[in-house]
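In: sequence first, predicted model second:
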Amino acid sequence: MLKSSKIILKKIKNKPEIAVILGSGLSNFFNSSEIKENIPYSKLPDFIKPTVKGHSGNLVTGIIGKKNVICMYGRSHIYEGNNPQDLKAPIRVLKDIGCKILIITNAAGSLNKKIKSGSLILIKDHINWSGFNPLIGPNDENYGPRFNDMSNAYNLQLRKKIQKVGKKSKIKLNEGIYAMYSGPNFETPAEINALKILGCDVVGMSTVPEVIIANHCGIKTLAISVVTNYAAGLSKKKLSHKETLSEAKKAEKDIIKLIKNFIIDYK
Ligand code: HPA
């Protein structure tokens, strides 16, 4: 068990079964009456303090619909200079402390004119175009096998459930394929064209490492992109992180409502 897992288990009364990771621009998950504990990443040796605006770096526990939930307010990315292997630990901490389900969010660019800013895309699969894999290196058999199967990495059963919740909550949720690019620059129009030909719908700079690690250690995963812009070459607008943050904020209410309703409904 990792050091941070022991620290967290000492602090909390009930083990969380569901974990959530908040992506760029999303920061209002728990309301004050739901929160139990707030642990800054600086107190957890296995968590890297995020350096990017829009990622606060706190691990927060709380209760939603009688379920114990833990939420990572902010994440680290490979483009910040982190060793891809260092992205393993936070997800393995979630495993150590009992999480069975992980719901990941991110901000993403759209590769399709029909997928507009503000849309929510439920990721059904990915193409790891980052050039990195966090599992490279010695394998820790305590967490999973050397070669893990990725054919249901975005768990079909959970996707069906959240689609139902989306319908009930009147929140539109189309499915799509996510491409991970390393960043930190946004892609070139030629790269976006290539990703379109490969069959991708949205592109971003996160999520894939976390999905790989979660899948390896047997945590069932859902991932949702908030579309914040058309990807490079699809519009004349210059891309910026400022736009990513402000557009993600606009969709925040919908995505948080969707996730919370999913958690409440989950059996
Ligand atoms: N590309 C990569 N990552 C992103 C984008 C994009 O267009 N928008 C938000 N995150």
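Out: Noted; the coordinates are in hand.
In: how about the contacts made by residue 232?
Out: 109, 186, 187, 188, 189, 191, 192, 239 (C-beta atoms under 8 Å, 6 or more residues apart in numbering). Using the backbone N, CA and C atoms, a C-beta is placed for each residue, glycine as well.
In: now the third one: how far from the ligand?
Out: Read it as residue 187. Separation of residue 187 from the ligand (C-beta to the nearest ligand atom, to the nearest Å) stands at 6 Å.
In: number of nearby residues for whatever residue of the stretch 101-250 of the chain ends up closest to the ligand?
Out: The nearest approach of the stretch 101-250 of the chain to the ligand comes at residue 109, 2.1 Å away (C-beta to the nearest ligand atom). Other residues within reach of residue 109, judged by other C-beta atoms under 10 Å, total 26.
In: now residue 214
Out: Counted with other C-beta under 10 Å, residue 214 comes out at 26.
In: does it touch residue 221 like I think?
Out: Yes. With contact defined as C-beta atoms under 8 Å, residue 214 reaches residue 221; the gap is 4.7 Å.
In: common neighbours of those two, please.
Out: Among the neighbours of residue 214, those also in contact with residue 221 (C-beta under 8 Å, 6+ apart) are residue 102.
In: list the contacts for residue 67?
Out: With contact set as C-beta under 8 Å, 6+ apart, residue 67 has these partners: 17, 18, 263, 264, 266.
In: quick one: buried ones out of the residues you listed?
Out: The neighbour-count test (16 or more other C-beta atoms under 10 Å) marks 17, 18, 263, 266 as buried among those.
In: quick one: contacts for residue 214?
Out: 91, 94, 95, 102, 220, 221.
In: let's see that with 10 Å instead.
Out: Applying C-beta atoms under 10 Å, 6 or more residues apart in numbering to residue 214 gives the contacts 19, 21, 91-92, 94-95, 99, 101-102, 104, 144, 153, 155, 220-221, 223.
In: next, the buried residues of the one helix or strand it maps to.
Out: Element membership for residue 214, per DSSP states H and E: helix 208-216. Within helix 208-216, the residues that count as buried by 16+ other C-beta under 10 Å are 208, 209, 210, 211, 212, 213, 214, 215, 216.
In: now it - C-alpha only, PDB.
Out: Written as PDB, here are the backbone C-alpha positions of helix 208-216 (Å, rounded to 0.1, in the frame of the first residue of the first chain):
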ATOM      1  CA  VAL A 208      -5.400   8.400 -21.100                       C
ATOM      2  CA  PRO A 209      -2.600   7.800 -18.500                       C
ATOM      3  CA  GLU A 210      -5.300   7.600 -15.800                       C
ATOM      4  CA  VAL A 211      -7.500   5.300 -17.800                       C
ATOM      5  CA  ILE A 212      -4.600   2.900 -18.500                       C
ATOM      6  CA  ILE A 213      -3.600   2.800 -14.800                       C
ATOM      7  CA  ALA A 214      -7.100   2.400 -13.600                       C
ATOM      8  CA  ASN A 215      -7.800  -0.400 -16.100                       C
ATOM      9  CA  HIS A 216      -4.600  -2.200 -15.100                       C
END
